[in-house]
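S.K.: 3D, please:
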Amino acid sequence: MNDDNQQSQYPPPPQPYYGERQWPPMKVGEWLITRLLLIIPIANIVLTLIWAFGSDVNPSKKTYFQAELIIWAISIVLSVILSVLFAATLMALASNFFAIFS
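M.R.: This next block holds a predicted model:
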C-alpha cells in the first residue's frame, strides 16, 4: 500500500496556542507565602479580591480565591440567618419570662 494516499487513523496533534500564558503549578512554598500574607488583617480582604479577579494571576490561585469568596458569601448569609433566629428566640424567651413575673 502507498502511505501517501492513506489517511492517518489519528488526528493531528494539537497546535500550541501562543496567545495564552502557560502557568507552572504553584509550589508549596508559594502557597505558604500566600497563606502567610492572608494573616495580615486588612490585606487579606484586598489580596483575596486581587487574586480572585486579577488578570495576571496563576489560574489555580485565581480559582481557589474565587471559591474562597463563595464560601465567605455563604458564611455571611448563614451567619445573618442564624443571628436573626437567635435574636428572635431570645426575644420570645424574654417576653415569656417577663409575662410570668409581671
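S.K.: which helices and strands sit right next to the longest helix along the chain?
M.R.: If you go by DSSP state H, the chain has its longest helix at helix 59-100. In this structure, helix 59-100 makes packing contacts with helix 41-53, judged by 3 or more Cβ pairs under 8 Å, 6 or more residues apart in numbering; DSSP states H and E. C-betas here are computed from N, CA, C, even on glycine.
S.K.: what about 10 Å?
M.R.: helix 28-37, helix 41-53 (3 or more Cβ pairs under 10 Å, 6 or more residues apart in numbering; DSSP states H and E).
S.K.: which parts of the last one are buried?
M.R.: For helix 41-53, the buried set under the neighbour-count rule, 16 or more other Cβ atoms under 10 Å, comprises 47-48, 51-52.
S.K.: Quick one: mean pLDDT for it?
M.R.: Mean pLDDT, computed over helix 41-53, is 96.
S.K.: shaky segments in the chain?
M.R.: 1-8, 16-20, 102 (pLDDT under 70).
S.K.: try 80 this time
M.R.: 1-8, 13-21, 98-99, 101-102 (pLDDT under 80).
S.K.: Taking the centroid of it, which residue is nearest it?
M.R.: Ala67 (1.8 Å; Cα atoms, centre = their mean).
S.K.: Please tell me how far that residue sits from Ile76.
M.R.: 15 Å (Cβ to Cβ, to the nearest Å).
S.K.: Next: Lys61.
M.R.: 22 Å.
S.K.: okay, these two: which has more neighbours?
M.R.: Each of Lys61 and Ile76 has its neighbours counted (other Cβ atoms under 10 Å); Lys61 has more, 17 against 10.
S.K.: Would you agree the more buried one is in contact with Ala52?
M.R.: Yes: counting by Cβ atoms under 10 Å, Ala52 is a contact partner of Lys61 at 8.9 Å.
S.K.: Look at Gln37 and say how many residues are nearby.
M.R.: Slight slip there: residue 37 is Leu, not Gln. Burial of Leu37 is recorded as 13 neighbouring residues (other Cβ under 10 Å).
S.K.: Pretty sure it sits against Phe65.
M.R.: No: contact criterion Cβ under 10 Å: Leu37 and Phe65 do not qualify, at 11.7 Å.
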